[in-house]
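Novice: This is a predicted model, with the sequence first.
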Amino acid sequence: MATFPTTGATGAPRDLLLKVTPPRVPRHLVSRARLLANADALRDHAVFVVQAPSGFGKTSLLAQWRLEYLAMGMPVAWVSAQTHDDPGRLVQSLALALRVAMGRPAFGRSVLEDDRPGNLGSVTALLSELTQAALDVVLVIDEAERLPPASREALAYLLRNAPPNVRTLIATRPDGRLDIEDLVAYGQCVEIGPALLKFSLDETLQLVHARFGARVDRNMAARLHELTEGWPLGLQLATTIISRGADAHAALSDMTAAAGELQGELVRLLLVNLDPQDRDFLVRIAVLDLLHPELCQAVSGADDAAARLARLSNDTPVFAAAEGGEWLRMHALARDVLRQRFGALDAAEQVAVHARAAQWLAAHDLIDEAAHHALSAGQHQTAYELAERSVYESLMRRGRQAAVLEWLAQLPADELDRRPRLLLAAAWTLASSERHDEAGRFVARLLAQPDVSDALRCECALILGGAAVFADDPDHFVELHVPWTESVPITDPLLLQSHANRMAYRALLEGEPALARLRQQQVARGQAGPGIDYIRRWSELVIGLSYAWEGQVLLAEQLLRPAVAGAETELGRRHRLSCNLAALLAAVAWERDLPGDAAMLLADRLDVLEHSGLPESLLLAYRTAARIAAAEGAEHRALELLNALDAAGAARRLPRLRIASLAEQVRLHAQRHRAQTCRELCERIDAQLADPALPQGPLWRRSVQVLRDVAHAHAAIAARDWPGALAQLARADEQARQRKQGGLHIELLGLRALALERCGQPAQALLREAMDLARAYGLQRVFSDAHPDLGAWVGTLAAEGAQPETSFAPTTATAPPAPVPPVTTHGAVLTPKEGEVLTLLARNLSNKEIGRAMQVGETTIKWHVKNLFAKLDAGTRTQVVQRARILGLFGPER
């Protein structure tokens, strides 16, 4: 830059050089696929406006895009806007930035030497010169909200009249409007807001892995994402804190503490520079979960609350838009910090704030929130009355079990008995958790009341049926619903949908998955009411279970992916329904040979499932996690997870889960032919099944008998007792066919073929049939999971068949493939840096342009190019590229 003329030669102020100097990209910046410059949603637009409060990574995104465009061979002009940038200074800054970016010392001379550069004629002259340049150019304007109104008008004029070879990237805060809505409406401009700038879970996992590697596992990374809500500033602070210490787990635990280091950093960044009146305002409104201008005025007593809230939402990074017009909410991290300060206020002041909040919320029919504030204000009777009006609906329509448990802990027993709807809410909540045995006591209190209707009796049966599901007692579940199979005295659409869910689940337990789906389809869809979507999410879980039961993982995945996404959006990632759906989808993703997806779905969810997961969901989650660990070569971790499943089964008194844990351990050891260990584990299974205290119902016994037979078959395989394995496999397969467990049936067909082959009998036809069924169902891992020898045999037969569509997983799973780089370094011919230089050479970039794209000096690039010449035996840059193509060093897209 020092080679360009300064004020004396061009008329441009000397300090403009600082304004046109781009920032360095942070070393640990993660390129997010959906925000890449060449992503499908961004590729064909001329103007990009990144609009969000501070702390959302706007400048980092622009810097990332700059590198991407440089790698494409496009010059990128960067301007950092300032408050004193009048139109003339802005136009001169753009001209100088373009001169530096294109390396043309004469570019923009007329603008830089103009005595009055602020008129629109100067902008037109600049655009004309850009058009004549015949070069694709990228303009970047960062912090555009600092520009005065006249400069924004000039910028809008530039955007509307820019030639086709100019692409413009702008970052601004929400208050920095540019009045270019017409460009947005006509599809010429793309707006990127806070929702897109937030990190998704997989992006957080990618960021944490790139920064810390194995120091921070998936569960910790997911917990970090939950803590920060994907907020870029929160993630930056959190990763910085973790990097300071030697123990990542301890650092994360400190962050979640009420007065942890992360909260301290937020206080320093957020509150220190705030006006005292703004700080007091934030402290008082922090007690609210959702913020509305009128509500904030009522709570704080400030007449200018609406204007103050609007200003703070633009100036501080702690607010996020909530659904519904003017409503906002605070980021949890900031809210927790501010609530600590609210707790330090005078007690009378706290009571007054809660009382005003309760009054406003109740007047606007926000009963659930009003009840909590009334209780905090000491208005107990008012709070109980409001709770009775809201808690049951909140539970049934939005699945807010946590709120019910809070009220259950605070309500006196006599108040609870006087309020039947609170009793119902408590019974429903306890029935669908590890405290399911307590639900019966609440149901008894309900049925002991006078004038109990048939509708209430039916609802109580639904509650007890839910408790039976969570107790893993299928026989009692069926018994409870027999009286209500034909005649259903309830009319509430929510309860009718719940009844349909139970009838479908009953059919599934009885081995009729198709009938389970039919019963769901027979529910009258026309009876939809507000809030019924939550209950229908449970029906999606039942239907997904029915597909997984049959081994139809393609259909299960098609149903469950949108169901999980919807549940996470509506309820939160760690809500119990979201976790149950995710556990099932993780098992399906594993069978589809998508281990990365499966691991991400389970991250930071096992603890929720331990307490409030369906027994089947808990079993599938731990089994999938164990198989992922084993496939990654961490057998010790797999065994630890299976022992944790056994412990969870013991804690929740679910003996089937303990047997399933032992059976899965047998399978794991059988793959390595550890015959003695398998034999001992099978003896433990038989000893547990002989316990007379275990359930004796036929449905439960059949569900564990198949686990026992499969475990004994694996033990025989481990001992290479092939005739014995055939007998056990035949028994297990008979039960699988009776129960219509299609995936298990296909697995057992494959194992039978392996045993027959080892016995010297014809087996290929049987195995090919199993392979064909697995292909139809989408089961990619069924054979390699069953036994490595079977997986290898299937791979050989698939290769011999020369069927391109055949794709079965290898014996050992690998981590999810990384994106294919543009250059492959077969045999370690090239270093990663040399490969990157080679890619940019193929795009006809100069050494200087390559250096800019890679953020290194030109001398370093010359050194890499010299090494490429030597390694590829080439004398020119063209020969280097040609030799690389001949040797196959470029990816397929080249």
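Specialist: Looks like it came in fine.
Novice: Restricting to C-alpha, output the strand or helix carrying Ala439 in PDB.
Specialist: Using DSSP states H and E, the element containing Ala439 is helix 436-447. What follows is helix 436-447, C-alpha atoms only, in PDB (Å, rounded to 0.1, in the frame of the first residue of the first chain):
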ATOM      1  CA  HIS A 436     -44.300 -42.700  37.100                       C
ATOM      2  CA  ASP A 437     -45.200 -44.800  40.200                       C
ATOM      3  CA  GLU A 438     -46.300 -41.500  41.900                       C
ATOM      4  CA  ALA A 439     -48.900 -40.900  39.200                       C
ATOM      5  CA  GLY A 440     -51.100 -43.600  40.600                       C
ATOM      6  CA  ARG A 441     -51.500 -41.800  43.900                       C
ATOM      7  CA  PHE A 442     -52.700 -38.700  42.200                       C
ATOM      8  CA  VAL A 443     -55.200 -40.700  40.100                       C
ATOM      9  CA  ALA A 444     -56.500 -42.300  43.200                       C
ATOM     10  CA  ARG A 445     -57.100 -38.800  44.700                       C
ATOM     11  CA  LEU A 446     -59.000 -37.800  41.600                       C
ATOM     12  CA  LEU A 447     -61.200 -40.900  41.500                       C
END
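Novice: Pull out the buried residues from it.
Specialist: Going by neighbour count (16 or more other Cβ atoms under 10 Å), the buried part of helix 436-447 is His436, Glu438, Ala439, Gly440, Phe442, Val443, Arg445, Leu446. (Glycine included, C-beta is placed from N, CA and C.)
Novice: Against which helices or strands is it packed?
Specialist: Using 3 or more Cβ pairs under 8 Å, 6 or more residues apart in numbering; DSSP states H and E, the elements in contact with helix 436-447 are helix 420-431, helix 454-470.
Novice: So what pairs up with Phe48 in the strands?
Specialist: In this structure, Phe48 bridges to Leu169, Val190 when assessed by DSSP bridges.
Novice: need the contact list for the residue positioned nearest the centre of the chain.
Specialist: When Cα atoms, centre = their mean is applied to the chain, the residue found nearest the centroid is Leu201 (3.6 Å). Leu201 is in contact with Ala222, His225, Gly230, Arg573, Met600, Ala603, counting by Cβ atoms under 8 Å, 6 or more residues apart in numbering.
Novice: Helices - which of those residues land there?
Specialist: Ala222, His225, Met600 (DSSP state H).
Novice: Of these - the most surrounded one?
Specialist: With neighbours taken as other Cβ atoms under 10 Å, the top of the ones in helices among the contacts of Leu201 is His225, carrying 27 neighbours.
Novice: list the contacts for that one?
Specialist: His225 makes contacts with Phe199, Leu201, Thr204, Leu205, Leu235, Asp604, as judged by Cβ under 8 Å, 6+ apart.
Novice: I figured the first one hits Val208, correct?
Specialist: Think Phe199. No - proximity of Phe199 to Val208 does not meet the contact threshold set by Cβ atoms under 8 Å, at 10.0 Å.
Novice: Looking at the two, which is more packed in?
Specialist: Between Phe199 and Val208, counted using other Cβ under 10 Å, Val208 has the larger neighbour count: 26 against 22.
Novice: Counting neighbours, which bits of the strand or helix carrying that one end up buried?
Specialist: Val208 is located in helix 201-212, with elements delineated by DSSP H and E. Neighbour counts over helix 201-212 (16+ other Cβ under 10 Å) mark Leu201, Asp202, Glu203, Thr204, Leu205, Gln206, Leu207, Val208, His209, Arg211, Phe212 as buried.
Novice: I appreciate the help and will end here.
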